[in-house]
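Trainee: From the sequence below, what's the structure:
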Amino acid sequence: MMKVLYFDCFSGISGDMTVGALLALGIDKGLFLNELNKLKLDGYDIAIEQKVKSGITVTDFDVILKNEHHPQLY
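Mentor: Down below sits the predicted model:
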């Protein structure tokens, strides 16, 4: 049986929302993180947690930069 995932993003969707939705649908968190580690990137941490926002349970996915730099505007 073929499975199809259709995104109806009439007003857009961010990357963290996409990954959170896929994790909530059941993709394997460990396998996902293992594949991400194959990119050999550093300087970030990943936070994945269940939260309740406005009465709706969501899977929150966040990339936290370790050395985030904000340039001065003046």
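
Trainee: alpha carbons only for contacts and neighbour counts from here, please
Mentor: Will do.

Trainee: elements contacting the longest helix seen in the chain?
Mentor: Ranked by residue count under DSSP state H, the longest helix found in the chain is helix 15-25. For helix 15-25, the elements it packs on are strand 56-65, judged by 3 or more CA pairs under 8 Å, 6 or more residues apart in numbering; DSSP states H and E.

Trainee: Just checking the distance from the strand it packs on to the centre of its chain.
Mentor: Average the C-alpha atoms of strand 56-65, do the same for its chain, and the two points are 6 Å apart (CA atoms, centre = their mean, to the nearest Å).

Trainee: tell me the angle of the longest helix of the chain relative to strand 56-65?
Mentor: Between the axis of helix 15-25 and that of strand 56-65 there is an angle of 130 degrees, by axes from the mean of the first three to the mean of the last three CA atoms, to 10 degrees.

Trainee: Would you mark the buried spots in helix 15-25?
Mentor: Judged by neighbour count using 16 or more other CA atoms under 10 Å, the buried positions of helix 15-25 are 19-21, 23-24.

Trainee: Quick one: low-confidence residue ranges for this protein.
Mentor: 69-74 (pLDDT under 70).

Trainee: and with 90 instead?
Mentor: 1, 3-13, 53, 65-74 (pLDDT under 90).

Trainee: Pick the one among the buried residues of helix 15-25 closest to residue 36.
Mentor: Within the set of those, residue 19 lies nearest residue 36; the separation is 12.0 Å, counting by CA to CA.

Trainee: Since that was my last question, I'll sign off now.
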